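Visitor: Whatever this is, show me its structure:
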Amino acid sequence: MTVMSNPFVDPLAFILAVLSHWFTLLAGCVVTVVINWVERHLLKGKKIPGWVEVSVLVIFLFFASFQAWRDQYREAAKANERLAELSAPMLTGSIKKVMEGPTGANGDDCLVIAIVTITNTGAPSVVPTFNSKIRLKDGREFPIIFDIAIPNGDTIIPVLQLPPGTSLNSADELSRKALAQPIPTGGATTGFLIGTAQGVTYSESFRPGTLYVLDFTDVTGKINEATLPFTPGMNMKYLPDLLHR
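Guide: Modelled structure (predicted):
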């Protein structure tokens with residue numbers, strides 16, 4: 001059974017929208033009054049054709065109608081933009097902390113741990129890929145390779161020289177965490193990334209002017225970037241929130 005819609009609703013809404021631009025309609029009325037005044041006092045009784053006044057009123061009525069249409073068009077455009085935003089992921093990243101330590105056979109490489117939060121204000125999305133690099137003050141860049149796998153469960157990493165019994169929880173490894181579970185609309189996820197920056201020594205990178213850069217993608221392949229400049233105290237003494245005894 002088809003339900004008949006009220007045929008007077010839309011026309012009434014249109015009329016009210018036009019009347020909301022009363023200033024334009026009032027301006028049309030003022031112009032017609034001016035025309036009558038000119039006719040009586042300046043033209044000395046000569047008649048201005050009636051179609052002139054009618055045309056003026058029609059023009060201003062048309063302009064008021066256009067303004068009402070433009071208001072609805074802009075509102076619809078904003079709604080469509082918001083819908084488009086909600087139908088696509090909108091990821092932003094924040095590097096909360098980076099810690100460095102020497103590693104490699106001769107201690108010439110850098111072990112890097114980054115604590116990262118990714119927030120999503122768009123459609124739910126996983127984060128398929130992470131890429132990171134260290135940019136030195138002189139502009140040289142060295143990629144960070146996330147080649148250190150954390151076995152399931154808490155695993156002690158001796159190279160970190162952390163307090164005895166301290167470990168990283170593999171459940172907080174961001175490359176797994178952000179891939180296994182989509183980040184919901186309005187949600188966020190926090191975890192750590194661990195890897196090595198080969199080709200740059202700890203002493204070269206662990207100094208003011210160094211910039212840590214992290215690129216990550218959403219399900220559409222869009223690349224997002226987060227950065228963090230070097231700050232004192234970024235050596236590996238502890239790992240906030242992700243350490244367990």
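Visitor: Just the helices from the protein, written as ranges.
Guide: Using DSSP state H, the helices of the chain run over 9-19, 22-37, 50-87, 174-180, 202-205.
Visitor: Quick check: buried residues in the third one?
Guide: This points to helix 50-87. 53, 56, 60, 64-65, 68 (16 or more other CB atoms under 10 Å). To be clear about C-beta, it is placed using only N, CA and C from the backbone, and glycine gets the same treatment.
Visitor: So which elements touch it?
Guide: helix 9-19, helix 22-37 (3 or more CB pairs under 8 Å, 6 or more residues apart in numbering; DSSP states H and E).
Visitor: Which of the ones you listed has the lowest mean pLDDT?
Guide: Of all the helices and strands packed on helix 50-87, the minimum mean pLDDT falls on helix 9-19 (a mean of 64).
Visitor: Next up, the contacts around Asp215.
Guide: 130-132, 223-225 (CB atoms under 8 Å, 6 or more residues apart in numbering).
Visitor: Which one of those is nearest to Thr231?
Guide: Nearest to Thr231 out of the contacts of Asp215 is Ser132 (CB to CB; 17.1 Å).
Visitor: Confirm for me that that closest one is in contact with Glu141.
Guide: No: contact criterion CB atoms under 8 Å: Ser132 and Glu141 do not qualify, at 10.5 Å.
Visitor: Of those two, which one has the most company?
Guide: Under the criterion of other CB atoms under 10 Å, the comparison of Ser132 against Glu141 puts Ser132 first, with 23 against 13.
Visitor: gap between that one and Pro208?
Guide: In this view, Ser132 and Pro208 are 20 Å apart by CB to CB, to the nearest Å.
Visitor: Please identify the buried residues of stretch 196-209?
Guide: Within stretch 196-209, the residues scored as buried using 16+ other CB under 10 Å are 196-197, 200-202, 204-206.
Visitor: And for it, what's in contact with it?
Guide: Residues outside stretch 196-209 that contact it (CB under 8 Å, 6+ apart): 100-104, 107-112, 133-134, 136-137, 140, 142-145, 147-148, 230, 234-235.
Visitor: now the residues you listed: which count as buried?
Guide: Using 16+ other CB under 10 Å as the burial test, the contacts of stretch 196-209 include 100-103, 109-112, 133-134, 136, 142-144, 148, 230, 234 as buried.
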